[in-house]
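>>> Predicted model and sequence follow; I will ask about them next.
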Number of protein chains: 2
Amino acid sequence: MRKFLNDPGDAVRDSLVGLAAAHPGVLRYDAANGIVVRADGPVPGKVGVVSGGGSGCEPLHTGFVGPGMLDAAAPGQVFSSPVPDQILAATHAADTGAGVLHIVKNFTGEVMNFEMAAELAADDGVAVEAVVVNDDVAVLDRPGTAGRRGLGGTVLVEKIAGAAAERGQALDAVAAVARRVVARVRSFGVGLSSCTPPVAGRPIFTLPDGEIELGIGISGEPGRQRVPLRSARELAALMVDEVLTDLAPAPGAPVLAMLSGMGGTPSSELHLLYGELDRCLREAGVEPVRRLVGNFITSLEQSGAALTVLELDDELISLWDAPVHTSALRWGM
Amino acid sequence: MRKFLNDPGDAVRDSLVGLAAAHPGVLRYDAANGIVVRADGPVPGKVGVVSGGGSGCEPLHTGFVGPGMLDAAAPGQVFSSPVPDQILAATHAADTGAGVLHIVKNFTGEVMNFEMAAELAADDGVAVEAVVVNDDVAVLDRPGTAGRRGLGGTVLVEKIAGAAAERGQALDAVAAVARRVVARVRSFGVGLSSCTPPVAGRPIFTLPDGEIELGIGISGEPGRQRVPLRSARELAALMVDEVLTDLAPAPGAPVLAMLSGMGGTPSSELHLLYGELDRCLREAGVEPVRRLVGNFITSLEQSGAALTVLELDDELISLWDAPVHTSALRWGM
């Protein structure tokens, strides 16, 4: 394992110290509570927007703290949920009386710990609404299962709900638009390598030469299916088919297409793949009117990428375009 | 080799097609000339700012085309210089009569081809100034050698010269501020892996377990020295010492510190290393008043990172802070 690292057990903390040093005008690391908060927050009267999850998926969530997006984020240890106390601290840090929205990825531990934190916050008199993101079409969603995982759709929910809160919308309205995004967003990921958690010190799985994983998540686990490597053109067709078959967008619908690298795939490959995806999306009858290509939700240094498609309407476009200033996403400011 | 790729020989072209599809409001890919140009350019009366170099170092240079930075970029094949005709086409695309600045990294092929293009442009009546960036302190700069390579300093020259041109400064003034940046910027890179050019299909070198390369460039070549892996804390001290010993900044000087990943190192590791670098810089008596952490100048999917330090003054800070809207760097717009 060759990483920029001190003691592997300190990886999350050391990285958050560096994040705060790199972006002092945007965010602050509250080491005592293990959370990241907006440097200029809390904003009086504004609905607080809070998320969190296992570390290792950066910039999610800490890189999205800042004006126009999250007020606070609770990062857990690598690939494991933040504890309820962290989420509670983030909730209090974001609350100024207008209530707080919890944006939760659908992983069992995260859902449970956010629920516990919401109950504790309610006991303290904080109004909390929660939205659970479950956009991964690679997982079958049927009774008796934990349901679909939250993937790249989470980034879009955080941006759009963050913009609604920044505009002064009330908690129920912010929660409603977040749920509207969840209803209209789908994702599918492809892994070209495994990744190595710092404390474990070895790759999570071994991938034979010439094989790849379809339907990966964001915790370095194997995907739904292992198949031979194929061309970017063929992979793009497969990814678009998986996502659009499930989303079933209106013919000619405007969409936001996000291609997020998994951490170890360079910009040149992501853009090459995006070119194929863009063409496939248009051939399938939707129009990518907003696009985002880069590393936004990752698995450490894994090679690979995930496509996320959100069916847009005028309100969602306006909230997406609203100014944002975080360490990982910035425009208009 | 597992990459998002069609025919390896088409990697550069396919990636540029995708870049243009992802950022249609910012840039345009002129496939006939093999160049990338500003979507809203050329801007009448403005000095044109042009750069270029081997592909594989994205977002450099194509990701920096847009308002406030480059008017056009000429990307070569992977790790090889663009040809003079490409550079000439980029020069003409950027010229509206106010002249064009060439920003050239100090690699023998790039310097030669930019010189040839400048002569051809002069024959066509275009006024061209060239600035050569040579910020790599890992290379000894002595008579009879090709001198130091251009590394991360190139990104800063492109941003600052781009801002000066956008403000309407004349060619000699834009060239002068670019040369001032070159004089006050230094870089040093560390490689934790090799990388694999698409056409070659195999890693450029083999790195034994537990060893790393100090003093790498941006073409995937081995560094100045192979040493055992050490902690981020120790690496940061070494990188800061290499850079500041050579730069010899004024005590207490404000600096811009850029930490660029090499393509395969994730955000969490880069920020962890940045935290250590920030502390070392302050201990060494300079103050990082501007910071940039991410993938800005890379070597395909190589693991590693390079520190770039620029000693600032009020004019350079003002030009750095000026609005920019490119696919890889954006603020204020």
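Arrived safely, thanks for sending. None of these values were measured; they are calculated from a predicted model.

>>> was I right about A:V227 contacting A:P208?
No. Taking contacts as C-beta atoms under 8 Å, A:V227 lies outside contact range of A:P208: 11.4 Å. All C-beta atoms are positioned from the backbone trio N, CA, C, and that covers glycine.

>>> how close does A:A74 get to chain B?
16 Å (C-beta to the nearest C-beta, to the nearest Å).

>>> Double-check that that residue belongs to a strand.
Yes. Per DSSP: H, G, I helix; E, B strand; the rest coil, A:A74 lies within a strand segment.

>>> what's the helix or strand for A:L292?
strand A:287-294 (DSSP states H and E).

>>> how about the strands in the stretch 201-333 of chain A?
Using DSSP state E, counting those that start in this stretch, the strands of the stretch 201-333 of chain A run over residues A:211-214, A:225-228, A:254-261, A:287-294, A:304-311, A:324-325, A:330-331.

>>> Partner strands of the third one, with direction?
Which is strand A:254-261. For strand A:254-261, the paired strands and their directions (DSSP bridges) are strand A:287-294 (parallel), strand A:304-311 (antiparallel).

>>> quick one on the thing from earlier: quick one, which of A:V227 and A:P208 is more surrounded?
Between A:V227 and A:P208, counted using other C-beta atoms under 10 Å in any protein chain shown, A:V227 has the larger neighbour count: 14 against 7.

>>> Which strand residues bridge the more buried one?
For A:V227, the beta-bridge partners are A:I212 (DSSP bridges).

>>> Tell me the confidence at it?
Among the per-residue scores, A:V227 shows a pLDDT of 97.

>>> Identify the residues contacting it.
Neighbour list for A:V227: A:E211, A:I212, A:L214 [criterion: C-beta atoms under 8 Å, 6 or more residues apart in numbering or on different chains].

>>> now, among the residues you listed, which is nearest to chain B?
Closest approach to chain B among those (C-beta to the nearest C-beta): A:I212, at 6.3 Å.

>>> Generate JSON lines for the contacts of A:V227, with pLDDT and neighbour count as supplementary columns.
Shown next, in JSON lines, are the contacts of A:V227 (pLDDT from 0 to 100; neighbours: other C-beta atoms under 10 Å in any protein chain shown):
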{"residue": "A:E211", "pLDDT": "97", "neighbour count": "13"}
{"residue": "A:I212", "pLDDT": "97", "neighbour count": "21"}
{"residue": "A:L214", "pLDDT": "97", "neighbour count": "20"}
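
>>> Near the closest residue to chain B within the stretch 201-333 of chain A, how many other residues are there?
Chain B sits closest to A:G275 of the stretch 201-333 of chain A, with a gap of 2.7 Å, by C-beta to the nearest C-beta. Neighbourhood size, A:G275 [other C-beta under 10 Å]: 26.

>>> Excluding chain neighbours, what is closest to it?
Nearest residue to A:G275 in three dimensions, chain neighbours excluded: B:G18, at 2.7 Å (C-beta to C-beta, 6 or more residues apart in numbering or on different chains).

>>> So that neighbour belongs to a helix, correct?
Yes. Membership of B:G18 in a helix is supported by three-state DSSP.

>>> Tell me which residues touch it, please.
B:G18 makes contact with A:L270, A:H271, A:L272, A:L273, A:Y274, A:G275, A:E276, A:D278, A:V293, according to C-beta under 8 Å, 6+ apart.

>>> For A:R38, list the residues it contacts.
Residues in contact with A:R38 (C-beta under 8 Å, 6+ apart) are A:V26, A:L27, A:R28, A:V65, A:G66, A:P67, A:L70, A:D71, A:A72.

>>> rewinding a little: the residue of the stretch 201-333 of chain A closest to chain B contacts B:S15, correct?
Yes. Using C-beta under 8 Å, A:G275 is in contact with B:S15, at 7.4 Å.

>>> intersection of neighbour lists for those two?
In contact with both A:G275 and B:S15: no residue, using C-beta under 8 Å, 6+ apart.

>>> Can you get me a residue count around A:P251?
A:P251 has 7 neighbouring residues, counting by other C-beta under 10 Å.

>>> circling back: same list, the strands of the stretch 201-333 of chain A, but as CSV with distance to B:K105 please.
Shown next, in CSV, are those (distance: least, C-beta to C-beta, whole Å):
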stretch, distance to B:K105
strand A:211-214, 34
strand A:225-228, 39
strand A:254-261, 25
strand A:287-294, 24
strand A:304-311, 29
strand A:324-325, 31
strand A:330-331, 27
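
>>> now, of the ones you listed, which is deepest in the fold?
strand A:304-311 (a mean of 28; mean count of other C-beta atoms under 10 Å in any protein chain shown).

>>> Alpha carbons only: can I get it in PDB?
Extracted in PDB, the C-alpha atoms of strand A:304-311 (Å, rounded to 0.1, in the frame of the first residue of the first chain):
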ATOM      1  CA  GLY A 304     -14.000   3.300 -12.500                       C
ATOM      2  CA  ALA A 305     -17.000   5.600 -12.900                       C
ATOM      3  CA  ALA A 306     -20.700   5.900 -12.400                       C
ATOM      4  CA  LEU A 307     -23.300   7.500 -14.500                       C
ATOM      5  CA  THR A 308     -26.100   9.400 -12.700                       C
ATOM      6  CA  VAL A 309     -29.100  10.800 -14.700                       C
ATOM      7  CA  LEU A 310     -31.700  13.200 -13.200                       C
ATOM      8  CA  GLU A 311     -34.800  14.100 -15.200                       C
END
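
>>> if you average pLDDT over that strand, what comes out?
98.

>>> Please apply the same query to stretch A:73-81.
97.

>>> same check, this time on stretch A:152-162
On average, stretch A:152-162 scores 98.

>>> angle of the helix or strand where A:V174 lies against strand A:304-311?
Secondary structure from DSSP H and E places A:V174 in helix A:171-183. With axes from the mean of the first three to the mean of the last three C-alpha atoms, to 10 degrees as the basis, helix A:171-183 and strand A:304-311 are set at 120 degrees to each other.
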